[in-house]
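Participant: Coordinates for the following, if possible.
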Amino acid sequence: SRIQSTFGNINYYAGWLIQLIPIYIAITILKTQSHVKEGGFRWRASLLPIGALAILVSSLALTGTRAAIAGSGISIVAFIIVYLWKFSSTSFTKTSLLILTISIMFFGLILLLKPDFFIRTQALFNLSAWESRLTPWQTAYRSILHAPLFGYGLGSSYQLFFEFAPQDISLLATASSYRH
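Facilitator: I've put the predicted structure just below:
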C-alpha cells in the first residue's frame, strides 16, 4: 500500500521529494524569520510553507522508500546543523535539542503514516533482501565496464539491463523484483 506517482517508479518520486524537502525547510525558516523581524510571528503568513513542507514529508513517508526516508532524515539534520552553525547564534544545547525534536517529529510522522516502516527496515539486515538487488547492480557494473568513458546515453538503462544481464536471470528472481 505505497503511493504511486506519474514518475513511473516510487523511488523516482521519492528522489524528487528528497530534493524539495530541504528547499521548503529553507523557505519556511526564511518566511518565519522575516515575520519575526517585522514584529512577531504570524501563523497565517507561515502556514503555506509549513503546510507545503508537511505535505512533502507526508508524501515521502507514504512512498515507504527506506533509502529515501533515511537520506532525507540525514539531509534535514545536516541542513539544520549547517544553518544554525553559520546563520544563528543558538547554543550547542539548544541546537541539539532542536535537532532531536525535529528528528523525533520526522520519524514519528513516518511511523504514524507507515507503521510497517521499521519492520521493512529490519528486513534489510537479511541477506534475502539484497539478493534481488545484486543482479541489477552487477548488470550496471558490466555495462559501465563495457563503455566507461561515454556510456550509452540517457534512457538506455532498461535496454542495457537485458543486454548485460546473465542468461539465467529468470532462475535467480522474478521479473517483478527488478522495479528498483
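
Participant: Quick check: which ranges of this structure have low pLDDT?
Facilitator: 1, 4-7, 34-43, 45, 89-92, 94-95, 98-99, 169-180 (pLDDT under 70).

Participant: Walking through it, point out its helices one by one.
Facilitator: 10-37, 43-63, 66-87, 92-113, 117-122, 128-146, 157-164, 169-172 (DSSP state H).

Participant: Switch those over to a markdown table; also include distance to residue 2 and mean neighbour count.
Facilitator: For glycine as for every other residue, the C-beta is placed from the backbone atoms N, C-alpha and C. Output for the helices of the chain, formatted as a markdown table (distance: least, Cβ to Cβ, whole Å; neighbours: other Cβ atoms under 10 Å):
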| stretch | distance to residue 2 | mean neighbour count |
| --- | --- | --- |
| helix 10-37 | 6 | 16 |
| helix 43-63 | 6 | 16 |
| helix 66-87 | 11 | 15 |
| helix 92-113 | 11 | 13 |
| helix 117-122 | 10 | 12 |
| helix 128-146 | 16 | 13 |
| helix 157-164 | 21 | 14 |
| helix 169-172 | 24 | 11 |
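
Participant: quick one: which of these is nearest residue 3?
Facilitator: Nearest of the helices of the chain to residue 3, taken as Cβ to Cβ: helix 43-63 at 4.4 Å.

Participant: and the closest one with helix 10-37, angle?
Facilitator: 160 degrees (axes from the mean of the first three to the mean of the last three Cα atoms, to 10 degrees).

Participant: How far away from the center of its chain is helix 43-63?
Facilitator: 15 Å (Cα atoms, centre = their mean, to the nearest Å).

Participant: and the nearest residue to residue 17 once chain neighbours are set aside, what does it touch?
Facilitator: Excluding the flanking residues, the one nearest residue 17 by Cβ to Cβ, 6 or more residues apart in numbering is residue 60, at 4.5 Å. By Cβ atoms under 8 Å, 6 or more residues apart in numbering, the contact set of residue 60 is 14, 17-18, 21, 68-69, 72, 110.

Participant: Distance of the residue nearest in space to the middle of the chain relative to residue 137?
Facilitator: The centre of the chain sits closest to residue 68, judged by Cα atoms, centre = their mean, with a distance of 2.4 Å. Residue 68 sits 18 Å away from residue 137, going by Cβ to Cβ, to the nearest Å.

Participant: now do residue 114
Facilitator: Where residue 137 is concerned, residue 114 sits at a distance of 26 Å (Cβ to Cβ).

Participant: before we move on, what about residue 9?
Facilitator: The separation that residue 9 has from residue 137, given Cβ to Cβ, amounts to 16 Å.

Participant: Could you do residue 102 as well?
Facilitator: Distance, residue 102 to residue 137, by Cβ to Cβ: 33 Å.

Participant: And for residue 64?
Facilitator: In terms of Cβ to Cβ, residue 64 sits 21 Å off from residue 137.

Participant: Many thanks, I have nothing further to ask.
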